[in-house]
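Engineer: Predicted model follows, preceded by the sequence.
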Amino acid sequence: ERKLAELRERWPGAAWEDVTFTTGDFPVIAEAQNGREETAARTGSPVLFCDTDSFATTVWHERYVGGRNPLVEEIADRAGHHLWLLTDHEGVAFEDDGLRDGEELRPWMIDRFRAELTRTGRRFIEIAGPPEARLAQAVAAVDELLATGWDFAAPLPEKR
């Protein structure tokens, strides 16, 4: 959003597709995402849903710059997420909110997310179908995750 706003200061008619990214932008984005998630996670709920995260930024780097970025991947690996909900694009209209592009790339992006989630060993489920089915799939997956309970580190040894 900031890049688009800055571009519009110089060129009022600029659109999202006119924004350019460099490989250096993506570690900044990934760090900011991790920080915002950490802040949100500390507000109380045992579940935090994020539309995007630093892992997604690894795939977006590939989309906008080409190839992988080890630094972005290292930043993404710092975030301890438990489950990704990979939503299929089929049956969902593309809605441009002014910050979206690549409607024609949706199948490619889903395939890349699936491949990278698998390659990196991240736990995920695929969500598809009409909205009611998608919601039911997501709720069931989160309920299953919550039913497993929480893992805590072993207590520190007592000082003597």
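Structural biologist: Yes, it's here. Numbers count the residues shown, from 1 in each chain.
Engineer: Please make it C-alpha for all contacts and neighbour counts, starting now.
Structural biologist: Fine.
Engineer: and Leu85, backbone torsions?
Structural biologist: Phi and psi for Leu85, reported as degrees, to the nearest 10, are phi -100, psi 110.
Engineer: isn't it right next to Ile125, touching?
Structural biologist: Yes. Using CA atoms under 8 Å, Leu85 is in contact with Ile125, at 5.4 Å.
Engineer: Can you list the low-confidence ranges for this protein?
Structural biologist: Within the chain, the stretches with pLDDT under 70 are 152-153.
Engineer: which residues in it form strands?
Structural biologist: 84-87, 124-127 (DSSP state E).
Engineer: Same list, these, but as JSON lines with distance to Gly102 and mean neighbour count please.
Structural biologist: Converted to JSON lines, the strands of the chain look like this (distance: least, CA to CA, whole Å; neighbours: other CA atoms under 10 Å):
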{"stretch": "strand 84-87", "distance to Gly102": "16", "mean neighbour count": "18"}
{"stretch": "strand 124-127", "distance to Gly102": "21", "mean neighbour count": "16"}
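Engineer: could I get these as a markdown table with distance to Leu99?
Structural biologist: A markdown table is the format used below for the strands of the chain (distance: least, CA to CA, whole Å):
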| stretch | distance to Leu99 |
| --- | --- |
| strand 84-87 | 19 |
| strand 124-127 | 23 |
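Engineer: So Leu48 versus Arg134, what's the distance?
Structural biologist: 18 Å (CA to CA, to the nearest Å).
Engineer: Which of those two has more residues huddled nearby?
Structural biologist: Per other CA atoms under 10 Å, whichever of Leu48 and Arg134 has more neighbours is Arg134, with 17 against 13.
Engineer: ok, now how distant is the more buried one from Leu85?
Structural biologist: 10 Å.
Engineer: which residues do the two both contact?
Structural biologist: Residues touching both Arg134 and Leu85 by CA atoms under 8 Å, 6 or more residues apart in numbering: Ile127.
Engineer: so where do the helices sit in this structure?
Structural biologist: Taking DSSP state H as the test, the helices found in the chain are 2-10, 25-41, 54-64, 70-78, 106-119, 131-147.
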